[in-house]
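**Student:** Kindly return the folded structure for what I paste below:
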Amino acid sequence: WWSTVQDFDEEDEVRRCAGIVLAQALDEMGRFSESEAKCRELLSVHQRMPEPDTVNTRYTSHILGQVLLSQGKHVEAEVVLCEALSKQRKHLGGDDPGTLATLMSLGNVFLAQG
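**Tutor:** Got it, this is the predicted structure:
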């Protein structure tokens, strides 16, 4: 149902949200490459929307950063999470739980890098 970008109607917020949940579930099941692909697919859809910087876009970037970290792709994870953190601070503030979760993930990247 949600296996390809073509399945996502850009007007259908429910499907995009379900795709985010699927990406997160795949990450939690250790199916990192599938989760990474789903996150990138969702971000591609979000970028084509009239307002590409949404809560869902920032959350998807957060998940992608975590997935990249799980795969040992530390440099790429750092880039993705720094971008997500910057946008989250701008739109949500520094004390928002989502912003803090991304900050924690970024800290985990730095710990993994040594």
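**Student:** which one's the longest helix in this structure?
**Tutor:** In the chain, taking DSSP state H as the definition, the longest helix is helix 74-92.
**Student:** Heading C-terminal from that one, find the next helix or strand.
**Tutor:** Sequence order places helix 97-113 as the next helix or strand after helix 74-92, per DSSP states H and E.
**Student:** Name the spans of the chain whose pLDDT lies under the cut-off.
**Tutor:** 1-12, 50, 52 (pLDDT under 70).
**Student:** Could you rerun that using 50?
**Tutor:** The chain contains residues with pLDDT under 50 at 1-8.
**Student:** Let's verify G30: helix, strand, or coil?
**Tutor:** Recorded secondary structure, G30: coil (DSSP: H, G, I helix; E, B strand; the rest coil).
**Student:** what sits against it?
**Tutor:** S70 (Cβ atoms under 8 Å, 6 or more residues apart in numbering). Backbone N, C-alpha and C define where each C-beta goes, glycine included.
**Student:** Contacts for stretch 48-61, please.
**Tutor:** By Cβ under 8 Å, 6+ apart, stretch 48-61 touches 10, 13, 16-17, 20, 23, 39, 42-43, 46-47, 80-81, 83-84, 87-88, 91-92, 98, 102.
**Student:** Now it: buried residues?
**Tutor:** Of the residues in stretch 48-61, N56, T57, R58, Y59, T60, S61 count as buried by neighbour count, 16 or more other Cβ atoms under 10 Å.
**Student:** Need the max-distance pair from those residues.
**Tutor:** Greatest spatial distance among the buried residues of stretch 48-61 (Cβ to Cβ): N56 and S61, at 9.7 Å.
**Student:** and K87, what does it touch?
**Tutor:** Shown in contact with K87 (Cβ under 8 Å, 6+ apart): D53, T57, R58, S61.
**Student:** That should have said E78, apologies.
**Tutor:** Per Cβ under 8 Å, 6+ apart, neighbours of E78: L106, V109, F110, Q113.
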